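> structure for this input, please:
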Amino acid sequence: MSITVTGILNPARPAVISVAVGAGLLLAACGAPTQAGRATRNAARTGAQSSPAPTRSGAGSTPPPVVAALGHNQLFTVIRDVRLPGPATGSLYADGALFTWSDAGGQASNAVFRVDPATGRITATAHLAAAGAAFAGRLLWLATYSRSGPGSAMSAVVALDPATLAVVHRLKIPAGAPRFHWTDASIAAAGGLVWVSGAATVYGIDPATAAVVRRLPTPTPPPVNGYKFGPGEYAIGIAAPPDGRALWTAETPDGGGRDALQVRDPFSGAVIDSSTHSAGGVGRTQIVAASGYAWLAFATGNLGGYVKIGHQPGLPPTATAHAGGSNALSVSLAARILWVYDPETGRITCADPASGAIRVMGHFPADGITSLPGGRVAVIAQSSAPTSTVAVARPKPACAQ
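Modelled structure (predicted):
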């Protein structure tokens, strides 16, 4: 069926977005930014090459400016901050530890860090350039690059021992055209498998053997002005909810057009439901999944936005509140809160995870938010320095309502 949802792309110019939706896959919210962005979410970052020793703030120490700013915001109460000797572009909590990684192109300081969130101490380091991670089969799985960064032909999936970060498995996966390098939306764990996006294919890996046991050809996005997209001309984003009971995939065409979306069986990869939406078009669509729905963040080339897709037949579509931003606008589901943040504009919003209704809006250049035990979150603080900071924080009551 087809539905039309009214959303605001520009506060001064309300616009209507037409969205085609398959049976049981309903569009429930849309959002878009109010200013042009300068880069997509996972563009290669630049900076110095040095790697200073890690430090942790404490009594008598001067917090970095980004952490000082975070400490005076309306969204979080900072418990401690961890300063890493390298960039951080993604994070995951698993096996009792916080793991961070980076894919900052060309930086010798790219590394995976294992952090004890209770003390802020770095307990293990692996010198890898990684774009995304998943935890399955008691191993940490990463979509990695060579030291030259995104776009490299040496892309591989690597499994690490979560305690030592020693390499246990390594296998090559065709990652597609360099333009669509791997991102945090390129790997997920669902149905007991590790799922990785490749060139026009999603691969399912058995974590016990590191063997590829599923190969799912992906549908090409709908044609634009009669032009049909071929392999390598569209990017594939994937995600799974924390319980691993569903697999979401999205195909985004190069240069504009509709995203193709699927909800799949997490064991076989078979398509359960499918849809398209017309708001994406540049780079890879980011997906964060929950039970029965997912939030998608997308870039249009000039703007970025986010949209909710529900997978519960019979629910009516509803327009919800949204925040503006650039092409770098991203979403996270952490501590049962929807976070919408834009490292380009410095805007960050906490919202209702089901409806998208905004609770609190602030300004802080966050570059990632991850759930921690006890209702806490880990917030990656964006920095132009060769180091980065992760703040262990607790959402304030206005966000956690």
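> okay, and the beta partners of the nearest residue to residue 241 once chain neighbours are set aside?
Excluding the flanking residues, the one nearest residue 241 by CB to CB, 6 or more residues apart in numbering is residue 289, at 4.4 Å. For every residue, glycine as well, the C-beta is placed using N, CA and C. Assessed by DSSP bridges, residue 289 has beta-bridge partners residue 294.
> now do stretch 197-210: distance from first to last residue.
End-to-end distance of stretch 197-210 (CA to CA, to the nearest Å): 15 Å.
> and it, what's buried?
197-198, 200-205, 207, 210 (16 or more other CB atoms under 10 Å).
> as TSV, those with secondary structure, pLDDT and distance to residue 167 would be great.
Listed next are the buried residues of stretch 197-210 as TSV, based on DSSP: H, G, I helix; E, B strand; the rest coil; pLDDT from 0 to 100; distance: CB to CB, whole Å:
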residue	secondary structure	pLDDT	distance to residue 167
197	strand	86	22
198	coil	79	21
200	coil	79	28
201	strand	86	24
202	strand	91	24
203	strand	93	19
204	strand	96	21
205	strand	96	15
207	coil	97	14
210	coil	96	11
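> closest to residue 325 out of the residues you listed?
Ranked by distance to residue 325 (CB to CB), the buried residues of stretch 197-210 are led by residue 197 at 24.2 Å.
> quickly note the distance from that closest one to residue 249.
8 Å (CB to CB, to the nearest Å).
> now for those two: what residues contact both?
Common contacts of residue 197 and residue 249, defined by CB atoms under 8 Å, 6 or more residues apart in numbering, comprise 236-238.
> dump those to CSV, plus secondary structure, pLDDT and neighbour count.
As requested, the shared contacts of residue 197 and residue 249 are exported to CSV (DSSP: H, G, I helix; E, B strand; the rest coil; pLDDT from 0 to 100; neighbours: other CB atoms under 10 Å):
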residue, secondary structure, pLDDT, neighbour count
236, strand, 82, 24
237, strand, 84, 27
238, strand, 89, 27
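> ok, residue 220 touching residue 276?
No: under the criterion of CB atoms under 8 Å, residue 220 lies out of contact with residue 276, with a separation of 11.4 Å.
> what comes up buried for stretch 347-362?
For stretch 347-362, by 16+ other CB under 10 Å, it's 347-351, 353-354, 356, 358-360, 362.
> quick one: contacts for residue 362?
73-75, 347-349.
> mind doing that once more with 10 Å?
The contact partners of residue 362, by CB atoms under 10 Å, 6 or more residues apart in numbering, come to 69-70, 72-76, 341, 346-350, 396, 399.
> could you look up the SS state of it?
Secondary structure, DSSP: H, G, I helix; E, B strand; the rest coil: residue 362 is strand.
> which strand residues bridge it?
Bridge pairing for residue 362 - DSSP bridges - gives residue 348.
> quick check: the gap between it and residue 111.
Residue 362 is 30 Å from residue 111, by CB to CB.
> and the spatially closest residue to residue 101 that is not a sequence neighbour, how far from residue 271?
Leaving aside its sequence neighbours, residue 101 sits nearest to residue 130 (CB to CB, 6+ apart; 3.9 Å). Distance, residue 130 to residue 271, using CB to CB: 29 Å.
> more neighbours: which of these two?
residue 130 (27 against 16; other CB atoms under 10 Å).
> mean confidence score for the helix or strand where the residue nearest to residue 101 lies?
Assigned by DSSP states H and E, residue 130 falls within strand 129-136. Regarding strand 129-136, the rounded mean pLDDT is 91.
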